[in-house]
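A.B. asks: Fold the following and give me the result.
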Amino acid sequence: MTGKREYGDYQTPISFAEKICGYLISEKKIKPSVVIEPTCGIGNFLECSLSFNADEYYGIEINPEYCTYCKNRIPDERVKIINDDFFSFNLKGLTQNTADTLVIGNPPWVTNSSLSSLGSSNIPVKTNFKKLKGLDAITGASNFDICEFIILKLIHDFRDTSTVIAMLCKMSVARNIFKEVKRNNISFEYFNILEFDANKVFGINTCACILVIKLSNKYHTNDICHVYSIEDYKNIKYSFGYLNGRFVSNIQMQNYDFDGICCLKWRQGIKHDCSKIMELSIQDGILYNGKKEAVDIEDTILFPLIKSSMIKKPVINSFSKYVLVTQKKVREKTEYLQKLVPKTWNYLNNNIELFNARKSTIYHGAPPFSMFGVGDYSYMKFKVAISGFYKKPLFSLLYDVNQKPVMTDDTCYFICFDNYEMAYVAMLLLNSTPVQEFLLSIAFLDAKRPYTKKILERLCFTKIFSVISYQILQETEKHLGLDHYITEDMYTLFQSSPVFQRTEQLKLC
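C.D. replies: Next up is the predicted model:
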């Protein structure tokens, strides 16, 4: 059969499909007259859904071998298998009776960029369906799960009906769908999520769930989504959703409210997509690149580098890796390097084929050896940074004893300061227990990057000041294993900084 990866092919075990159908019958009292499985695969859900005793069953499947298998497997005259592409098929046109329709299934768990890299045609027509702007529309933010696209298409197709949609998906997909449903003011009677062990069911390591939404032809909505376990669907595990217009990952953990708009500008680290050439390490006083070649270049545009995996201490001032930074701002011409650092210029040109092989569209039409995520802020000497990847948020103060600006990679986020004392206070504030608890209540720990720029931009320092005392900073300093350095005057000076005195910030918080 055609490769599984192209179709995002994780066939639902029959026992698990039976469990889900049983839940819909016993707990949700679903009695459909029509059952549709939009990507039916080998038909496990279709076979199990016969327990609903519906009048009509439809399975849509692009793989002709699967279609033949399903027809032979389920010789029930009510079941019709259609060999077609879901993305162009008029699913709603199958039936006029949308009042008693159940759409059930397990859509492909694969992203559009993954399919594109395989040269697959089994993808939707490219559209900016989330209305992203600027660079987000052409970079990683525009990458989405095919599963997410399918479920959103189903919701839009059956909008303003009482159709029930029950789909297996990643937890991150379910949350995105909840946000999109709310953003588009789509009415629903209920929106529930049941977590299950994807490793046990499919042998894959991801956070997964069954998303069950009943749409409505009357105005119904809820700002909160309850999460259950498929093993215990009577009791709520936790809830996420909107509180006062702000998205919260765990409403039960909301002990502190620091939500607002951050006065300090959170930045993302540099992006170059050419680590073998741009990133170097020092051994016995000799620079080596990622190809393990000794490199003889000037140190003028060579800076200390911190990657996400290196953020393990609250203060970092020694470094094992370095990075070449070719620009002061995005899309700045790079020819000046030929005179400024001739040996570096020759080194870069000797490896120009690797730069030309970079696939991201952001480099198209840009000067040679271009980078992104670079600006005046990159050259600030004191930064407080966090890895986007770790589950527990740790903020590190970064500086170089030789006074060179410290760079981070694009998986890190940071704020900048002119002096050590201000950066030190910020690091303690962000590592304090109340701020840590607040971040855990708004971040999703099962996401690839729990801590993003959007999450960090919600930290309102004026609200933090109202809770965090100098004594808490002392306790935080001790908890982090740091020698005593903080003073009450340092904290007072930090609070009195003009950036925190803006009246618009006070209104927004």
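A.B. asks: Tell me the spacing between the closest residue to Leu394 other than its chain neighbours and Lys80.
C.D. replies: The shortest distance from Leu394 to any non-neighbouring residue, by CB to CB, 6 or more residues apart in numbering, is to Ile311 (6.1 Å). C-beta coordinates here come from the backbone N, C-alpha and C atoms, glycine included. According to CB to CB, to the nearest Å, Ile311 and Lys80 sit 55 Å apart.
A.B. asks: who's more crowded, the two?
C.D. replies: Ile311 (23 against 13; other CB atoms under 10 Å).
A.B. asks: which residues sit in contact with that one?
C.D. replies: Ala385, Ile386, Ser387, Tyr390, Leu394, Ser396, Cys412 (CB atoms under 8 Å, 6 or more residues apart in numbering).
A.B. asks: if we go to 10 Å?
C.D. replies: 385-390, 394-396, 398, 408, 411-412, 414 (CB atoms under 10 Å, 6 or more residues apart in numbering).
A.B. asks: ok, now Leu430?
C.D. replies: Counting by CB under 10 Å, 6+ apart, Leu430 has contacts 314, 384, 386, 393-397, 415, 436, 439, 456, 459, 461, 464, 468, 476.
A.B. asks: in stretch 462-482, what's buried?
C.D. replies: For stretch 462-482, the neighbour count (16 or more other CB atoms under 10 Å) marks Thr462, Lys463, Ile464, Ile468, Tyr470, Ile472, Leu473, Gln474, Thr476, Glu477, Leu480, Leu482 as buried.
A.B. asks: And the strands in the stretch 151-300 of the chain, which stretches?
C.D. replies: Taking DSSP state E, counting those that start in this stretch, the strands of the stretch 151-300 of the chain run over residues 164-170, 188-197, 207-215, 224-229, 238-243, 246-248, 267-268, 279-283, 286-288, 294-295.
A.B. asks: May I see those organised as CSV, with mean pLDDT added?
C.D. replies: Formatted as CSV, the strands of the stretch 151-300 of the chain follow (pLDDT from 0 to 100):
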stretch, mean pLDDT
strand 164-170, 96
strand 188-197, 96
strand 207-215, 96
strand 224-229, 96
strand 238-243, 94
strand 246-248, 92
strand 267-268, 96
strand 279-283, 95
strand 286-288, 96
strand 294-295, 96
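A.B. asks: out of the ones you listed, which comes closest to Ala426?
C.D. replies: strand 267-268 (13.6 Å; CB to CB).
A.B. asks: before we move on, back to that, would you turn the strands of the stretch 151-300 of the chain into CSV with mean neighbour count?
C.D. replies: Putting the strands of the stretch 151-300 of the chain into CSV (neighbours: other CB atoms under 10 Å) gives the following:
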stretch, mean neighbour count
strand 164-170, 24
strand 188-197, 19
strand 207-215, 23
strand 224-229, 18
strand 238-243, 17
strand 246-248, 18
strand 267-268, 20
strand 279-283, 15
strand 286-288, 14
strand 294-295, 12
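A.B. asks: now for those strands, which one comes closest to Ile60?
C.D. replies: Nearest to Ile60, of the strands of the stretch 151-300 of the chain and by CB to CB, is strand 164-170 at 13.7 Å.
A.B. asks: For Ala174, give me its contacts.
C.D. replies: Here Ala174 is in contact with 147-148, 151, 167-168, 191-195, 207-213, 225, 227, 240 (CB under 10 Å, 6+ apart).
A.B. asks: Quick check: closest non-adjacent residue to Ile415.
C.D. replies: That would be Leu264: by CB to CB, 6+ apart, it lies 4.5 Å from Ile415.
A.B. asks: Centre of the chain to stretch 281-294, how far?
C.D. replies: Mean-position distance between stretch 281-294 and its chain equals 34 Å (CA atoms, centre = their mean, to the nearest Å).
A.B. asks: Low-confidence bits of this structure, can you list those?
C.D. replies: Residues of the chain that meet the criterion pLDDT under 70 lie in 1-9, 96-99, 111-144, 502-509.
A.B. asks: ok, now with 90
C.D. replies: 1-11, 86-100, 109-145, 205, 217-221, 244-246, 253-255, 285, 446-448, 499-509 (pLDDT under 90).
A.B. asks: Relative to Arg449, how far out is the residue lying farthest from the centre of the chain?
C.D. replies: In terms of distance from the mean C-alpha position of the chain, Glu77 ranks first, at 43.8 Å (CA atoms, centre = their mean). Note on Glu77: its distance to Arg449, by CB to CB, is 50 Å.
A.B. asks: And for Ser162?
C.D. replies: 37 Å.
A.B. asks: swap in Cys209?
C.D. replies: Cys209 is 19 Å from Arg449, by CB to CB.
A.B. asks: and if you look at Asp376?
C.D. replies: 25 Å.
A.B. asks: can you give me the helices in the stretch 101-250 of the chain?
C.D. replies: Ranges of helices in the stretch 101-250 of the chain, per DSSP state H, counting those that start in this stretch, are 112-117, 146-157, 171-183, 198-202.
A.B. asks: now the last one, how far from the centre of its chain.
C.D. replies: The reference is to helix 198-202. 22 Å.
A.B. asks: Over to the longest one?
C.D. replies: Between the mean C-alpha point of helix 171-183 and the mean C-alpha point of its chain there is a distance of 12 Å (CA atoms, centre = their mean).
A.B. asks: Identify each buried residue in it, please.
C.D. replies: Per 16+ other CB under 10 Å, helix 171-183 contains these buried residues: Met171, Ser172, Val173, Ala174, Arg175, Asn176, Ile177, Phe178, Glu180, Val181, Lys182.
A.B. asks: Leaving out sequence neighbours, find the closest residue to the second one.
C.D. replies: Taking CB to CB, 6+ apart, and ignoring the residues beside it in sequence, Ser172 has Ala447 as its nearest neighbour in space, at 5.6 Å.
A.B. asks: That neighbour in helix, strand or coil?
C.D. replies: coil (DSSP: H, G, I helix; E, B strand; the rest coil).
A.B. asks: tell me which element the residue nearest to Ser318 when sequence neighbours are not counted falls in.
C.D. replies: Counting by CB to CB, 6+ apart, Val401 is the residue found nearest to Ser318 once chain neighbours are left out, at 7.9 Å. In the assignment (DSSP states H and E), Val401 maps to no helix and no strand.
A.B. asks: can you offset everything so residue one is 22?
C.D. replies: In the new count, where the first residue is 22, that last one comes out as Val422.
A.B. asks: Quick one: residues contacting Asn206.
C.D. replies: Tyr240, Thr242.
A.B. asks: do the one 3 residues further on as well
C.D. replies: Neighbour list for Phe209: 176, 180, 183, 186, 199, 202-203, 234-237, 241-243 [criterion: CB under 10 Å, 6+ apart].
A.B. asks: isn't Val520 right next to Leu285, touching?
C.D. replies: Yes: the criterion here is CB atoms under 10 Å, and Val520 meets it with Leu285 at 6.6 Å.
A.B. asks: what's Lys52 in contact with, if anything?
C.D. replies: Leu45, Ile46, Phe73, Asn74, Ala75, Asp121, Leu123.
A.B. asks: what's the spacing between it and Glu169?
C.D. replies: Taken as CB to CB, the span from Lys52 to Glu169 is 28 Å.
A.B. asks: on that earlier part again, which of Asp397 and Arg470 has more residues huddled nearby?
C.D. replies: Taking neighbours as other CB under 10 Å, Asp397 and Arg470 compare with Arg470 leading, 16 against 9.
A.B. asks: Quick check: closest non-adjacent residue to that one.
C.D. replies: Gly409 (3.8 Å).
A.B. asks: Kindly report the same for Ile231.
C.D. replies: Using CB to CB, 6+ apart, the closest residue to Ile231 is Leu215 (4.5 Å).
A.B. asks: That neighbour bridge partners, please.
C.D. replies: Ile231, Tyr249 (DSSP bridges).
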